[in-house]
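Peer 1: just need the structure, nothing else, for what follows:
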Amino acid sequence: MLKITVLMPVYNSRKHIDEAVNSILMQTYKDFEFLIIDDCSSDGTLEYLKKLEDPRIRLVTHSKNMGLVYSLNEGLNLANGEYIARMDGDDISAPHRFERQLLYMEQNPEVGVLGTCMTYIHNGQHIPKPIVHEEIFCWQLFYCSLTHPTVFMRKSVLKEHEVRYEPDYLHAEDYEIWNRLAEVTRLANLPEYLFSYRVHESQVSTKYLPIQNQTADRVRIKQLNKLGIVPTEEEFAIHKQFMHHGIPVFDSKQYSKALAWAEKLLEHNLKAGIYHQETLNRVLSLCFTGSENNFR
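Peer 2: Numbering: from 1, shown residues only. I've put the predicted structure just below:
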């Protein structure tokens, strides 16, 4: 069986796509198909892709723009690989990324989704990530802890549990799907910087930031509801302060409210048993004290 399907949906990515494509074709691990789905680009992206001659490339084109979630689910359905490696058309994968992720997945069959740490292209800043499942899942209460285009997914897990991206969670579809997958498999991040992430004005996380934030809030509410919590407006505002490690320890009133919220989360989790209690306690403590290892 083919080991890896590289899934890269693209839309108007001509400015950077040659770097993205070359970073995949130059991988040290060679046994993969490169499934590129062009979502009706109009900037020369498709013309560039049609000129590529590598036999590993499978090019799928849309006659009208269908959106990212549609393209992602189409790619999951078309993938022939044992593993699905995500990639975006404006980022860069390190040459040994697939080699390192494949080795880890082969050695850790209990893990269904594996990301990596990343580096910002524009300033060279390293962005660490929580490494083990318990930490990742707890931080997911507050924000997305796997960088979408870095992940390796085990196709058998997606098939067995009929998991696909949810169109209702547009622009935060990755944040939502990791929470569902965390309930049926283990998540992990390699503590290696195997991915270079580009920040620019036309990317989804910049162009659609208000919508993305609203959708991400729905994911957070959904996770709190699973704990049996329907937060008040004030409680949810405090919850989002935890997300930014923004608990003002010098403000006794706010500190007391935040402490009560943390205790409520722990109390409800003790009953629901969704998150690893000790890890959740440690994560919440970091939101108060801050740390050089704040994971984003």
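Peer 1: after the longest helix belonging to the chain, next one along is what?
Peer 2: Ordering each helix of the chain by length in residues (DSSP state H) puts helix 252-272 first. Sequence order places helix 277-289 as the next helix or strand after helix 252-272, per DSSP states H and E.
Peer 1: residue boundaries of the helices in the stretch 1-150 of the chain?
Peer 2: With DSSP state H, counting those that start in this stretch as the criterion, the stretch 1-150 of the chain has helices at 17-25, 45-50, 68-78, 97-107, 133-139.
Peer 1: now do the helix or strand just after the last one: distance to the chain's middle.
Peer 2: Using DSSP H and E, the helix or strand that directly follows helix 133-139 along the chain is strand 152-154. Using Cα atoms, centre = their mean, to the nearest Å, the mean C-alpha position of strand 152-154 is found 12 Å from that of the whole chain.
Peer 1: mind giving me the packing neighbours of strand 152-154?
Peer 2: Packed against strand 152-154 by the contact rule (3 or more Cβ pairs under 8 Å, 6 or more residues apart in numbering; DSSP states H and E) you find strand 83-86, helix 97-107, strand 111-120. All C-beta spots, glycine's among them, are computed from the backbone N, C-alpha and C.
Peer 1: quick one, which of these is packed in tightest?
Peer 2: Greatest average neighbour count among the helices and strands packed on strand 152-154 goes to strand 83-86 (a mean of 24), per mean count of other Cβ atoms under 10 Å.
Peer 1: quick check: can you name the pairing partners of that one and their directions?
Peer 2: Paired strands of strand 83-86, with direction, are strand 4-10 (parallel), strand 152-154 (antiparallel) (DSSP bridges).
Peer 1: possible to save these as a markdown table with distance to Ile24 and mean pLDDT?
Peer 2: Below are those laid out as a markdown table (distance: least, Cβ to Cβ, whole Å; pLDDT from 0 to 100):
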| stretch | distance to Ile24 | mean pLDDT |
| --- | --- | --- |
| strand 4-10 | 6 | 98 |
| strand 152-154 | 13 | 98 |
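Peer 1: buried ones in stretch 38-53?
Peer 2: Within stretch 38-53, the residues that qualify as buried are 38-39, 41, 45-46, 48-49, counting by 16 or more other Cβ atoms under 10 Å.
Peer 1: repeat for stretch 218-233
Peer 2: Under 16+ other Cβ under 10 Å, the buried positions of stretch 218-233 are 219-220, 223-224, 227, 229, 231.
Peer 1: ok, and what's touching it?
Peer 2: 140-142, 169, 172, 175-176, 179, 235-236, 239-240, 264-265, 268-269, 271-272, 274 (Cβ atoms under 8 Å, 6 or more residues apart in numbering).
Peer 1: tell me the mean pLDDT over that stretch?
Peer 2: Taken as a whole, stretch 218-233 has a mean pLDDT of 97.
Peer 1: can you measure across it, start residue to end residue?
Peer 2: End-to-end distance for stretch 218-233: 13 Å, by Cα to Cα, to the nearest Å.
Peer 1: show me how far it is from its chain's centre.
Peer 2: How far stretch 218-233 lies from its chain's middle: 20 Å, per Cα atoms, centre = their mean.
Peer 1: picking up where we left off before, make JSON lines from the helices of the stretch 1-150 of the chain and add mean pLDDT to it.
Peer 2: As requested, those are exported to JSON lines (pLDDT from 0 to 100):
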{"stretch": "helix 17-25", "mean pLDDT": "98"}
{"stretch": "helix 45-50", "mean pLDDT": "98"}
{"stretch": "helix 68-78", "mean pLDDT": "98"}
{"stretch": "helix 97-107", "mean pLDDT": "98"}
{"stretch": "helix 133-139", "mean pLDDT": "97"}
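Peer 1: moving C-terminal from the lowest-mean-pLDDT helix or strand in the chain, which element do we reach first?
Peer 2: The helix or strand of the chain with the lowest confidence, counting by mean pLDDT, DSSP states H and E, is helix 204-207 at a mean of 66. Using DSSP H and E, the helix or strand that follows helix 204-207 in sequence is helix 209-226.
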